[in-house]
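Undergrad: my questions are about this predicted structure, shown below with the sequence.
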Amino acid sequence: MFQFLFYNTLKKEYNWFNPIRLGKVSLYTCGPTVYNYAHIGNLRTYMFEDVLKRGLEFFGYQVCHVLNITDVGHLESNHDFGDDKLVLAAKKEKRKVFEVATYYENKFFEDLRSLNILLPNIKSKATDHINLMIELISALIRAGYAYENSGNVYFRVSTFKRYFDLIGNQFDIDKAFNRIDIDTLKKDNRDFVLWFSNSKYPNQLMKWKSPWGIGFPGWHIECSAMALFYLGRKLDIHCGGIDHIMVHHTNEIAQSESILQHQWANIWMHGDFLTHENNKMAKSMNNFFTLKDLEKEGFKSEHFRFLCISVHYRHRLNFSFQALLGAKSSYEKLLSIAKSLNSNNDKKIDLVKNSFSSNMIKMYLKQLQNAILFDLDTPKMINVLWEVLKSSLCRYEKKRILKLCDKILGLNLFNEQFLTLSQKEKIEKRQNARIEKKWELADELRKELQKERVFLRDTVQGTQWYIN
RNA sequence: GGUACUGUGUCCGAGUGGUUAGGAAGCGGUCUGCAAAACCGCGAACAUCGGUUCAAAUCCGAUCAGUACCUCCA
């Protein structure tokens, strides 16, 4: 049996992965707040989680993956939205705020699809689960873990002994908080809000009835409520970006474990940031890029995906267009190799189906397997993959290994492309022209095909084509 | 103020004690009707200063530089 070894933020060490139920994995990943486009830093985290999910599925686990969509909260941001008409419209006509959320949610899923990220089994929107949150808050109040004050409900941090477990150390709460406006309704500065009826943002656009007044839920309660609802009292893996460790996930644990009275998630995994010029990507610093921005510069989402998986998920990735250009070249090279391997007759592949017995293949497969099992070491996988492709293995063996890896890496290396009949005819015509050394005609046909985004490459094995 | 992380060639980055990481870019060459690709070869690095060791990019200490988090944040 293959076993994963994951770095567990909760324990600050590598832990063998043992699922709660044999062969099944419950996975909760924190999703986006849909008030703006996702930037490529956000997307990096979803890609890490995608590799995790693909890796688990590759080794036969049945993964139940829940992703939340935060469509509640500070959707009326003071950030500059540029010329987005929908947002401007939403600002003018307050009812349209739900449309704003839907708009950015759709854009988010477009990005995921474009990056070949597997969609979650359950997409869970916060606004569809307000009642669950109210129930959970009520339960926390009844059990003495939370209190109400002037319409707001707060979690009483002093009641939860393991509050600093995920952070790993206690911090000086008063010094940490002396920069922040102190909420005088809190009994203790560390306490965090579960429900706002009396917010410091009085113009909140989304409001619901609750036992404590008309208002909206705190940010952390939504994840606890939805994860408990969909995935039950014990969770295998909970993921997010490293910025969630300190606050969001710590508070989630406090809420959930106070109700459950036992450890909630077995493994907490966190992806590191993508930075730009060594700064965190932030909308306020105007140094963020979206997938569309990369496309404008002539990059495909696969290029960005390659860049991300060539860096370990727990290592910071400093983004630059030069780095992306390197990733693009590498990816296109890999794709070109995949295409040339794919150009063979598939019948031959069947004949060598059992050829994995050779020691060399066993060695490579072992290395690739160990790489992914050891905390999702995708850089190592890519390294081994280059070795495989350079090795003396035959084409069919290389192709099969590459296909296996691509199931985890998700680089879309064997995406089938089709030519129209007229395009096929043009390629044939050109072949004949070349045989007759009618170079001008051949070049003319190649140009025509290029206009249709079909590119040709004459090799020893014949003319190859690809669509770009 | 507190806590943590990072520093590797032109660029992105692996690498936790001894053997060329890899890729991109560059340079030289082979191949080719042209184009594109492919192939071969080349050079180049471990922030600084100490320490431990037969041996340090790797372990320890100090310094410098950078980043993040501390109730909006992937």
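TA: Structure's in. What do you need?

Undergrad: so what's the residue count around the residue in chain A that RNA strand B sits nearest to?
TA: Residue of chain A nearest RNA strand B, by C-beta to the nearest atom of the strand: residue A:241 (1.7 Å). Heads up, the C-betas are built off the backbone N, CA and C, glycines and all. Using other C-beta atoms under 10 Å, residue A:241 has 21 neighbouring residues.

Undergrad: so who does residue A:107 touch?
TA: Neighbouring residues of residue A:107 by C-beta atoms under 8 Å, 6 or more residues apart in numbering: A:37, A:38.

Undergrad: did I read that right, it in a helix?
TA: Yes - applying DSSP: H, G, I helix; E, B strand; the rest coil, one finds residue A:107 inside a helix.

Undergrad: show me what the residue of chain A closest to RNA strand B bridges to in the sheet.
TA: Note on residue A:241: beta-bridge partners by DSSP bridges are residue A:271.

Undergrad: next one: it relative to residue A:186, how far apart?
TA: Distance, residue A:241 to residue A:186, using C-beta to C-beta, to the nearest Å: 26 Å.

Undergrad: again with residue A:213
TA: 17 Å.

Undergrad: ok, which stretches of the stretch 1-150 of chain A are helices?
TA: Using DSSP state H, counting those that start in this stretch, the helices of the stretch 1-150 of chain A run over residues A:40-58, A:85-92, A:97-114, A:130-142.

Undergrad: tell me which helix or strand of chain A sits lowest on mean pLDDT?
TA: Least confident helix or strand, chain A: helix A:346-351 with a mean of 42, by mean pLDDT, DSSP states H and E.

Undergrad: following element in sequence after it, please.
TA: helix A:359-373 (DSSP states H and E).

Undergrad: tell me the mean pLDDT for that following helix?
TA: Regarding helix A:359-373, the rounded mean pLDDT is 84.

Undergrad: the helix or strand just after it close to RNA strand B?
TA: As assigned by DSSP H and E, the chain's next helix or strand after helix A:359-373 is helix A:378-390. Yes - shown here: helix A:378-390 in contact with RNA strand B (C-beta under 7 Å from any atom of the strand) through A:379, A:380, A:382, A:383, A:386, A:390.

Undergrad: ok now the next helix or strand after helix A:378-390, how far from the chain's centre?
TA: Remark: after helix A:378-390, the chain's next helix or strand is helix A:395-409, criterion DSSP H and E. Centroid displacement of helix A:395-409 relative to its chain, using C-alpha atoms, centre = their mean, to the nearest Å, is 23 Å.

Undergrad: need the contact partners of helix A:395-409.
TA: Here helix A:395-409 makes contact (C-beta under 8 Å, 6+ apart) with A:51, A:54-55, A:58, A:309, A:337-338, A:341-342, A:344, A:348-349, A:352, A:355-356, A:358, A:361, A:364-365, A:368, A:372, A:378, A:381-382, A:385, A:388-389, A:391, A:393, A:412-414.

Undergrad: cutoff 7 Å now
TA: The contact list for helix A:395-409 (C-beta atoms under 7 Å, 6 or more residues apart in numbering) reads A:51, A:54-55, A:58, A:309, A:338, A:341-342, A:344, A:348-349, A:352, A:355, A:361, A:364-365, A:368, A:372, A:378, A:381, A:385, A:388-389, A:413-414.
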